[in-house]
Structures are given as C-alpha cells and as structure tokens.
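Engineer: I would like the atomic coordinates for the input below:
(one chain, ligands or ions: 1)
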Amino acid sequence: MSVETVQETLQQAAKSSGGFSPILTGLLGTIIVMALYEYWHRNTREYRMVANIPSPPSLPLIGMAHLAAGLSNAEILSVGLGYLNKYGETMKGWLGNVLLVFLTNPNDIELILSGHQHLTKAEEYRYFKPWFGDGLLISNGHHWRHHRKMIAPTFHQSILKSFVPTFVAHSKAVSARMAKEAGKSFDVHDYMSQTTVDILLTTAMGVKKLPEGNKSFEYAQAVVDMCDIIHTRQVKLLYRLDSIYKFTKLREKGDRMMNIILGMTRKVVKDRNENYSPESRAIIEDVAEPTPAKQATKTEGLRDDLDDIDENDVGAKRRLALLDAMVEMAKNPDIEWNEKDIMDEVNTIMFEGHDTTSAGSSFALCMMGIHKDVQERVFAEQKAIFGDNMLRDCTFADTMEMKYLERVILETLRMYPPVPLIARRLDHDVKLASGPYTVPKGTTCVVLQYCVHRRPDIYENPTKFDPDNFLPERAAKRHYYSFIPFSAGPRSCVGRKYAMLKLKVLLSTIVRNFIIHSTDTEADFKLQADIILKLENGFNISLEPRQYPTAA
Ligand code: HEM
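Structural biologist: Residues are numbered from 1 along each chain as shown. From the prediction side, this is the model:
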C-alpha cells in the first residue's frame, strides 16, 4: 500500500465517521507505520540489490514468515523444497528485516565456503549461544581461529587410530543390546544415539566410567528436544524475539532440556579436572604406520581440507585427546585458554559429534535394510576382509579395506546429509555465479546441502541410492562443492575423519552380526530437518542374527 493510498483512506474514514474512535485511530496508525516501514524497506540498498532474485510470496513487515505459520518442522521442509523447485537454484526470502539467500549451485557455494572471506556464522546460530557459548561451531573472528588451531590437532590421525578399540567395544556392546530386538521392528536411532554419546565420552572426553543408568540416552533425547526448540525459534518469527520467547512454554521446556544437557557435560569436565594428573593423561604415541598418513583416511570424492590446511599436524610425537589437551592448556599460563573455553568446546563437540553420526548411522542401516543388494555387497566385502573369523575385532587396517562400505556411507550422507543446511553472514557483497545477482554484505546465505546433493545435472539419478556414485572415476568428474555433507573450506567439520572411522567400525560390526531388514521404503520416509536431519516416523528396521559355523 502506498503512502498516498493510506492518506486517502484516512481522509475518507474521518469524513464518514465525523471523527476517529480510539480503535480506528490505532488501526490507522498501525497501517501508516507499516506502510512507511515498507516504503523505507523497499528503498534500502539491500532490497534493491536483490530485487531480481526469485522469491516466494512475501508480506509487508513479516516477509515470508507466514509460510511457516502453523506448520510442523517436517512440513516446513517440504514446503521449502516445493518453493525451491518452483523458483530455481537461487532464491531469496525476507524474514522480518533479515534477508536470506538460498544457494544450491556449487559455483555459488564455492564463493561462500572456500577461502577466508565469509567465515562469519549467520545470526540464526545465536540461539545456540546459551548452550555452546563461544564454542567452535558458532564463534567468529580471532576466538574461532585460535580455538580451531588448538582443537584440530586433537583429531590427528594417530589419536583417531588409538580410538579404534573403543569404537569396537561400543559397537559390540550395542550389537549385543540390539540382539534383544531380533525379529521385531524397532527404531534403531534410539540405540545409535546412546552409543554415539558413550563413544564420545570414552574417546574425546577420556571418561573412564560411563554415567550410571540411562544418562547417555537421557542426554541424547534432551539434545533432540533442544534442537527442535532452536529450530522453531529460527523459523517462527514470534519465537525469534527474546522478549516474547521468555514468556512461552517452549522456554520452560528449553530450560529443562538445558539442565539435563549441561548437567551431563559439567560433570564430565568436573570429573576430568578432579582426576587430572600428568600421569593420568591419555597420551598417544605416534607409531610407525604401514600405510602412509594421507592415504590412511582418504575418502574418495572428498578433498581433504584438514590435510590441505595441515593444522592437525603440530609435528609432535606425543598427543593428547580432546578434553585432556584442553585441561592441560587451561593450566598453562602461556596459552590463552580457560575453564569457560573448556565447557564451551565440550558442549559443542558432545553435540556435533553425537547427533550427526547417530543420524548418519541410522540412515545407513535403513538404506542397507531397504537395498538388500547393497547390503549383500557390503557383507561380501566384510567376508573378504574377515574370512573365517567374522566376529573378530576390527582394526584400523581393516577399515582401510572397506572401500564399498565407505561408498555406502558417502552415498547415505549424499541423500540424507545429517546437517541439511548451513548459514553464513556475508562480510562483503558477493556477485553470484548462478545469475546476474549481487548479494549485499550482511545477508544470511543459506547453503542447502540437501538440495545440492540431489541436483539431476550433477547426479544422474539423484533420488536413487547408488553407492557407485562414489567410484573414484565418477567422483573425480564432479564439482568439488557438489558433495558437502561436512561443509567445506576452512570452517569444514573438524570431526570428519573421526566420524568416518567410527561409522565404518560401527556399521561393519553390525553388518557382521546381523542381516538388516526394513519394511519401510524410502517413499515412507517423513524427513524432518530440525538442525539435524531425521525421520519423523522413526528409523524402523528389524535384525536377524547371522549364523556362523562354530569351531570344532
Ligand atoms: C556424519 C557426521 C558429521 C557430519 C555430517 C558433520 C557435519 C558438519 C558440518 C556440515 C559442519 C559445518 C557446520 C556449519 O557451518 O554450520 C560441521 C562442523 C563441525 N563439526 Fe561436524 N559433522 C559430523 C561429525 C562430527 C564429529 C564426530 C565431530 C567431533 C567429534 C564434529 C565436530 C564439529 C565441529 C567442532 C564443527 C565446527 C567447526 C568449525 O566451525 O570450525 N562433527 N560438521
């Protein structure tokens, strides 16, 4: 509505009523303010610069917020994907006065993620602040750079190798627990989330004795609920405002979840601090390797940012796992590191390290249950590696032989990326490659991995689960930024190699113990994208124990 139209409406209303009632005055006042705001907004530099980028229907003041009104998280995802199909590979939208530009073209994504120009996380991440503080995932500038430099070496290959026996022990333990479900359909995500929490506690956090009872599961459930709350705050305009959110039931629930989450992580840090002595540290000695370091964790089709940056290699021969390294840094007056830094990183890595891999492993198990031919090839590869001793413990060298399983994991992460989107705030104007678009500084650029991974011009049959998409010759032909489940560039996932190694050990152990069945098909999947991609209707599989001849 233009300012002139508003004035005419006012004059007519005044004439016909012989004066203004308070309600009418309020209403008209609101309309005037909205019209003036919209007039100002449409004349801003930002608005004019992106006028040619397609957008779903937008309303004055709230932008596209009405499109999410009343929808569940699963519905928001499918509505969003519908608009992207309609409007093309690059789309914009306003949420209040926040400009969002959605990217699905690998050339555009490379402009944002590669290099050091746009490392700042988007405003949308601020809802994590009470949880992660200034942890790696959401911090920026010098603080992020310093933390990344200090944390990355704790994921060095020699440390990851030392974790393999722990990965094996937990994979065997969860297989034994799941054996009780044999023959029944059940949600495997419950098992995967508890075991991934336990694995993180006993590896990166150096916990010797796991919390009693069902604490890990309780923590994992609280994380799922907290993600749901944060996602709701990101997409529903009213919940974005702290002044409104703090009076809602959602905040009460959020507070309860944070108590569970922080209760667990505070205890982990307190115990490690109390039991810390130079002798109790888990020092990992570098040992001579039969396989060259670079080849050892190479995943086909995935350029190795961490190796390129080489920040994981501090040249030392003796290394500490994450929490021990952080406790030691906090005790060293020459290093800028304190107790809050420890808590922030423990909270960040406990979240990033467990929910992502529990979704990844659950999706992979469902895929093998649905695609029996794929499962048979995985099993044949395991047979070739383990021979007559199928239930022996897996070693790091074994994981190097699991080329097909690796392709299954990568294909799962392509079709169902646990982190379906990421967002950056532009620190400079950017001219996109996908069209005659220039996106202004300050914009929230949303990189949609889920959509990039399903582009028909990149993946011949994008909705078909085909691990051979990751045959080296096929992967080599693709744009590097067309497969980015771990993001890419300097802010890519610091735990990628940890995740790949753990997933291999876990899935290998399960496949050698059970035949996986699924009565669901992919058409039954109800995808839910609340921070981490999940299935609203559960990761339903059933297991049949494999029988092996016993030694005479
Ligand atoms: C399948 C498993 C995983 C997937 C798909 C995944 C994916 C990602 C993605 C997409 C990002 C970038 C997020 C963003 O920019 O908003 C990220 C960052 C991060 N990930 Fe992972 N991740 C996985 C496992 C792990 C594990 C196991 C750990 C640690 C044990 C971890 C720790 C982190 C950290 C600390 C960051 C922040 C890095 C930074 O900003 O410097 N992740 N991850």
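Engineer: these two touch, right, Leu77 and Ala529?
Structural biologist: Yes. With contact defined as Cβ atoms under 8 Å, Leu77 and Ala529 form a contacting pair (4.4 Å). The way it works is simple: take the backbone N, C-alpha and C, and place the C-beta from them, glycine included.
Engineer: shared neighbours, these two?
Structural biologist: Residues touching both Leu77 and Ala529 by Cβ atoms under 8 Å, 6 or more residues apart in numbering: Pro420.
Engineer: tell me which residues touch the residue nearest to His453 when sequence neighbours are not counted, please.
Structural biologist: By the measure of Cβ to Cβ, 6 or more residues apart in numbering, the closest residue to His453 outside its immediate chain neighbours is Arg414, 4.5 Å from it. Going by Cβ under 8 Å, 6+ apart, Arg414 touches His453, Tyr459, Asn469, Phe470, Phe483, Pro485.
Engineer: A helix includes Arg414, no?
Structural biologist: Yes. Under DSSP: H, G, I helix; E, B strand; the rest coil, Arg414 falls within a helix.
Engineer: give me the pLDDT value at it.
Structural biologist: Reported pLDDT at Arg414 in the predicted model: 98.
Engineer: quick check, the residue in the protein closest to the ligand?
Structural biologist: Residue nearest to the ligand within the chain: Gly495 (2.1 Å; Cβ to the nearest ligand atom).
Engineer: quick one: contacts for that residue?
Structural biologist: Neighbours of Gly495 in contact, by Cβ under 8 Å, 6+ apart: Phe155, Ile349, Glu352, Gly353.
Engineer: which of those sits closest to Lys253?
Structural biologist: Nearest to Lys253 among these is Glu352, at 22.3 Å by Cβ to Cβ.
Engineer: name the element that closest one belongs to?
Structural biologist: Per DSSP states H and E, Glu352 falls inside helix 339-370.
Engineer: got the buried residues for that helix?
Structural biologist: 341-370 (16 or more other Cβ atoms under 10 Å).
Engineer: what's the next helix or strand after that helix packed up against?
Structural biologist: Using DSSP H and E, the next helix or strand after helix 339-370 towards the C-terminus is helix 372-386. For helix 372-386, the packing partners by 3 or more Cβ pairs under 8 Å, 6 or more residues apart in numbering; DSSP states H and E come out as helix 339-370, helix 396-401, helix 403-415, helix 496-513.
Engineer: around the ligand, pick out the residues from the stretch 451-552 of the chain.
Structural biologist: Within the stretch 451-552 of the chain, the positions near the ligand by Cβ under 6 Å from any ligand atom are Pro485, Phe486, Ser487, Arg491, Cys493, Val494, Gly495, Tyr498, Ala499.
Engineer: OK, contacts around the nearest residue to the last one once chain neighbours are set aside?
Structural biologist: Take Ala499 and drop its neighbours on the chain: the residue closest to it by Cβ to Cβ, 6+ apart is Thr357, 5.2 Å away. Under the criterion of Cβ under 8 Å, 6+ apart, the contact partners of Thr357 comprise Met192, Thr196, Pro418, Ala499, Lys502, Leu503.
Engineer: and the angle for the helix holding Glu352 with helix 496-513?
Structural biologist: 40 degrees (axes from the mean of the first three to the mean of the last three Cα atoms, to 10 degrees).
Engineer: helix 339-370 close to the ligand?
Structural biologist: Yes. Against the ligand, helix 339-370 shows contacts by Cβ under 6 Å from any ligand atom at Thr348, Ile349, Glu352, Gly353, Thr356, Thr357, Gly360.
Engineer: pLDDT averaged over that helix, what's the number?
Structural biologist: Per-residue scores along helix 339-370 average to 96.
Engineer: circling back: nearest to Leu533, of the residues of the stretch 451-552 of the chain next to the ligand?
Structural biologist: Scanning these for proximity to Leu533, where the rule is Cβ to Cβ, the winner is Pro485, at 10.1 Å.
Engineer: by mean pLDDT, flag the weakest helix or strand of this structure.
Structural biologist: Least confident element among the helices and strands of the chain, by mean pLDDT, DSSP states H and E: helix 293-296 (a mean of 40).
Engineer: could you show me where the strands are in the stretch 1-150 of the chain, in order?
Structural biologist: For the stretch 1-150 of the chain, strands defined by DSSP state E, counting those that start in this stretch occupy the ranges 90-95, 98-103.
Engineer: including distance to Cys445 and mean neighbour count, could the ones you listed go into CSV?
Structural biologist: Shown next, in CSV, are these (distance: least, Cβ to Cβ, whole Å; neighbours: other Cβ atoms under 10 Å):
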stretch, distance to Cys445, mean neighbour count
strand 90-95, 10, 22
strand 98-103, 5, 22
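Engineer: phi, psi of the nearest residue to Lys86 once chain neighbours are set aside?
Structural biologist: Leaving aside its chain neighbours, Lys86 sits nearest to Pro56 (7.9 Å; criterion: Cβ to Cβ, 6+ apart). Phi and psi for Pro56, reported as degrees, to the nearest 10, are phi -70, psi 170.
Engineer: so Pro56 touches Trp94, yeah?
Structural biologist: No. Counting by Cβ under 8 Å, Pro56 stays clear of Trp94, with 10.1 Å between them.
Engineer: who touches both of the two?
Structural biologist: Met64.
Engineer: kindly calculate the angle that the helix holding Glu352 makes with helix 372-386.
Structural biologist: Note on geometry: by the same axes, to 10 degrees, helix 339-370 and helix 372-386 are set 110 degrees apart in direction.
Engineer: roughly how far out does helix 339-370 sit from the chain middle?
Structural biologist: Relative to the centre of its chain, helix 339-370 is centred 8 Å away, using Cα atoms, centre = their mean, to the nearest Å.
Engineer: could you check the angle it makes with helix 403-415?
Structural biologist: Using the same axes, to 10 degrees: helix 339-370 against helix 403-415 is 110 degrees.
Engineer: what is the burial count for Ala330?
Structural biologist: Ala330 sits with 17 neighbouring residues when counted by other Cβ atoms under 10 Å.
Engineer: tell me which helix or strand it sits in.
Structural biologist: Short version, using DSSP H and E: Ala330 is in helix 322-331.
Engineer: so that helix, near the ligand or not?
Structural biologist: No. For helix 322-331, no contact with the ligand is found by Cβ under 6 Å from any ligand atom; the gap never falls below 7.8 Å.
Engineer: got the CA coordinates for that helix in PDB?
Structural biologist: Extracted in PDB, the C-alpha atoms of helix 322-331 (Å, rounded to 0.1, in the frame of the first residue of the first chain):
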ATOM      1  CA  LEU A 322      40.500 -33.500  23.400                       C
ATOM      2  CA  LEU A 323      39.500 -33.000  27.000                       C
ATOM      3  CA  ASP A 324      42.900 -33.800  28.400                       C
ATOM      4  CA  ALA A 325      44.500 -31.400  25.900                       C
ATOM      5  CA  MET A 326      42.100 -28.700  27.000                       C
ATOM      6  CA  VAL A 327      42.600 -29.200  30.700                       C
ATOM      7  CA  GLU A 328      46.400 -29.000  30.100                       C
ATOM      8  CA  MET A 329      46.000 -25.900  28.100                       C
ATOM      9  CA  ALA A 330      44.000 -24.200  30.800                       C
ATOM     10  CA  LYS A 331      46.800 -25.000  33.300                       C
END
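Engineer: of all the residues in stretch 527-547, which ones are buried?
Structural biologist: Within stretch 527-547, the residues scored as buried using 16+ other Cβ under 10 Å are 527-535, 538-543.
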